[in-house]
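**Q** Sequence and predicted model, in that order:
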There are 2 protein chains.
Amino acid sequence: MTKPNPSAVAERLHSASIRLLRRVRAADVESGLSGPKLSALSVLTFGGASSLSVLARAEQVRAPTMSKLVAGLQADGLVAKRADRADKRGVRIEVTAKGRALMEHGRKRRLALLRKRFGGLTRTELETLSSAAELMLRVASE
Amino acid sequence: MTKPNPSAVAERLHSASIRLLRRVRAADVESGLSGPKLSALSVLTFGGASSLSVLARAEQVRAPTMSKLVAGLQADGLVAKRADRADKRGVRIEVTAKGRALMEHGRKRRLALLRKRFGGLTRTELETLSSAAELMLRVASE
DNA sequence: ACGATTTAATTAGTTTGACTAACTAAATAT
DNA sequence: ATATTTAGTTAGTCAAACTAATTAAATCGT
């Protein structure tokens, strides 16, 4: 194998990431939720209850944007807002049982789809992808 | 290394892809173009002139969406539309010199940023990422 | 050869999600 | 006590996605 050029690898990986995500997105469409809403719900489900501002930061959007997203999720009965007892300005956003059920159901659907796409890979290939994922996370978080 | 679970790898890679793309997106903001416009311009620059419908399909959006994006690019003088001589319904969308210059300039900027992020990786790590990119493209295109 | 269907692109109108600016209310700092 | 900062919402704008409908040209089937 010739010595890889960092820029070339980066560009190729960039392109590959875009295409892979596009594919997987199709599975999430069935949930009936948009990407941003699903992502916020996911953070709340797996990261636990949170204030609006913390959630906005986690999702890299501004507070008003998250406020609207949460309002939509609340209207669907997927999250609930409670007053923060310690800070009366704050709200505590938590996933409802319905929201949790939707996430779990969606996760199963997505996994089934991913298993189909990734299931045909060899053990070595999976190991390569696994290592790559860790590297990507490291590079992205620097 | 333990035998990787396809679903777990897929999920991890999914998450890593999202974060990596988020990082890189920052570099493109400087171009003054939005993601979708930049992406369309990129396809035209590197893939050559194209009809609107082909371009729409390549970018996985509907024709009206692409029509608007191209109109925006045209207003900025980055692409030009010519009549298709063979099919009078069709248009041929091609990049202008100005569009090409913008892409080249943007590419240099992005590469400089990516070099900083990927430059610190070892040869082995780069090879892992390179192989992963190919696998991801294969999985995504199935 | 002609009417019907399909295809290419645009226009109109809606929805969603992003933003900033401006506001209220509460907490904190001077 | 007043000023400033922080948390969240509301109002208003914008870009980008969609569907439905329109126009024009190409192609298909009698």
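**A** Happy to help now that I have it.
**Q** What residues does A:Gly90 make contact with?
**A** The neighbours of A:Gly90, taking CB atoms under 8 Å, 6 or more residues apart in numbering or on different chains as the test, are A:51-52, A:83-84. (Glycine included, C-beta is placed from N, CA and C.)
**Q** Quickly note the distance from it to A:Pro64.
**A** 16 Å (CB to CB, to the nearest Å).
**Q** do the same with A:Leu113
**A** In this structure, A:Leu113 and A:Pro64 are 34 Å apart, going by CB to CB.
**Q** Give the residue from those two that has the larger number of neighbours.
**A** Taking A:Leu113 and A:Pro64 together and counting by other CB atoms under 10 Å in any protein chain shown, A:Leu113 has the greater number of neighbours (18 against 10).
**Q** Can you confirm whether whichever helix in chain A runs longest lies near DNA strand D?
**A** Taking DSSP state H as the criterion, chain A has its longest helix at helix A:6-29. No. Judged by CB under 7 Å from any atom of the strand, helix A:6-29 and DNA strand D are separated, with a smallest distance of 10.3 Å.
**Q** go on, stretch A:46-64?
**A** Yes. Using CB under 7 Å from any atom of the strand, stretch A:46-64 comes into contact with DNA strand D via A:51-54, A:63-64.
**Q** Any residue of that stretch touching DNA strand C?
**A** Yes. Stretch A:46-64 lies within reach of DNA strand C by CB under 7 Å from any atom of the strand, at A:60-62, A:64.
**Q** and that stretch, how far out from the chain's middle?
**A** Centroid displacement of stretch A:46-64 relative to its chain, using CA atoms, centre = their mean, to the nearest Å, is 13 Å.
**Q** got the contact list for that stretch?
**A** Contact with stretch A:46-64 is made by A:36, A:39-40, A:43-44, A:65-67, A:69-70, A:84, A:90-95, B:22, as judged by CB under 8 Å, 6+ apart.
**Q** Can I get the buried part of those residues as one PyMOL selection?
**A** Those of those that count as buried under 16 or more other CB atoms under 10 Å in any protein chain shown are selected in PyMOL with:
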select buried, chain A and resi 39+40+43+44+66+67+69+70+91+92+93+94+95
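**Q** Would you indicate which residues of the host helix or strand of A:Lys81 are buried?
**A** Secondary structure assigned from DSSP states H and E places A:Lys81 in strand A:79-83. Using 16+ other CB under 10 Å as the test for burial, strand A:79-83 gives A:79-80.
**Q** Which among the residues of stretch A:46-64 next to DNA strand D count as buried?
**A** Using 16+ other CB under 10 Å as the burial test, these include A:Leu52 as buried.
**Q** what about chain A, any weak spots by pLDDT?
**A** For chain A, applying pLDDT under 70 flags the ranges A:1-3, A:24-27, A:142.
**Q** Just give me the residue right at the centre of it.
**A** The structure's chain A has its C-alpha centroid closest to A:Ser39; by CA atoms, centre = their mean the separation is 4.4 Å.
**Q** Leaving out the residues flanking it, which one is nearest to that residue?
**A** Once flanking residues are discounted, A:Ser39 sits nearest to A:Glu59: 6.2 Å by CB to CB, 6 or more residues apart in numbering or on different chains.
**Q** Give me the phi and psi angles of that neighbour.
**A** phi -90, psi 0 (degrees, to the nearest 10).
**Q** Contacts only, for A:Leu21.
**A** B:14, B:17-18, B:21.
**Q** could you flag which of those residues are buried?
**A** Using 16+ other CB under 10 Å as the burial test, those include B:14, B:17, B:21 as buried.
**Q** From chain A, how far off is the second one?
**A** Distance from B:Ser17 to chain A, counting by CB to the nearest CB, to the nearest Å: 4 Å.
**Q** ok so, going back, tell me the one among the contacts of A:Leu21 nearest to chain A.
**A** Distance to chain A across the contacts of A:Leu21 (CB to the nearest CB) is lowest for B:Ser17, with 3.9 Å.
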